[in-house]
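In: everything below, folded, please.
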Amino acid sequence: MKVRTMVTAASMAIAGPACAHGGRTETVTPRFEQAIPNIPGKSMIVVEVDYAPGASSQPHRHAKSAFIYAYVVSGEIESKVNDGKTHIYKAGQGWSEPPDATHSVSRNASRTRPAKLLAVFVVDSDDKTLTTPLK
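Out: Below you'll find the predicted structure:
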């Protein structure tokens with residue numbers, strides 16, 4: 001397994017703490033990246049997102065090529081993708097996001113307990129920016 005330099009680019013594009021109420025933050029940690037051998041030009045990238053109590057991500061858009069599966073590891077995550085309904089997902093639940101999705105809500109549903117999710121991206125290998133904040 002090869003974790004290549006793009007993980008740094010991915011972490012710059014989607015990582016770093018994001019402020020929430022009272023200075024509470026989310027942290028994105030790259031966990032895995034590899035070209036998919038039987039799908040030329042595609043890679044799988046996995047990031048772990050830790051939300052402090054009350055923390056949220058900025059509204060953002062994902063890469064045009066990225067199909068995403070998000071899985072809640074612990075806690076509860078409130079999410080809204082594109083024109084879908086806002087939904088709270090509990091540990092053990094997950095959802096998918098189509099390429100070029102707009103993610104207007106992504107936050108810890110609790111103000112007292114942390115939450116964690118894994119986001120699995122299947123993306124064009126040359127697509128370096130996984131997430132772009134909405135303006």
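
In: which ones are touching the residue nearest the centre of the chain?
Out: In the chain, the centroid-proximal residue (Cα atoms, centre = their mean) is Ala119; its distance is 4.7 Å. Contact analysis of Ala119 by Cβ atoms under 8 Å, 6 or more residues apart in numbering lists Val46, Val47, Glu48, Val49, Ile68, Tyr69, Ala70. Yep, even glycine has a C-beta here, placed from its N, CA and C like the rest.

In: quick check: it is in a strand.
Out: Yes. Under DSSP: H, G, I helix; E, B strand; the rest coil, Ala119 sits within a strand.

In: next one: it from Pro40, what distance?
Out: 23 Å (Cβ to Cβ, to the nearest Å).

In: ok now the helix or strand hosting Met44, how far from the chain's centre?
Out: For Met44, the host element (DSSP states H and E) is strand 42-51. Put simply, strand 42-51 sits 6 Å off its chain's centre (Cα atoms, centre = their mean, to the nearest Å).

In: and stretch 99-111, by the same measure?
Out: On Cα atoms, centre = their mean, the centre of stretch 99-111 falls 9 Å from the chain's centre.

In: swap in stretch 86-104?
Out: 9 Å.

In: quick revisit: mind giving me the packing neighbours of the strand holding Met44?
Out: Where contact means 3 or more Cβ pairs under 8 Å, 6 or more residues apart in numbering; DSSP states H and E, strand 42-51 is packed against helix 6-14, strand 25-35, strand 115-124.

In: tell me which of those sits most buried.
Out: Compared across those, strand 115-124 shows the largest average neighbour count, a mean of 21 (mean count of other Cβ atoms under 10 Å).

In: that one vs strand 25-35, what angle?
Out: 40 degrees (axes from the mean of the first three to the mean of the last three Cα atoms, to 10 degrees).
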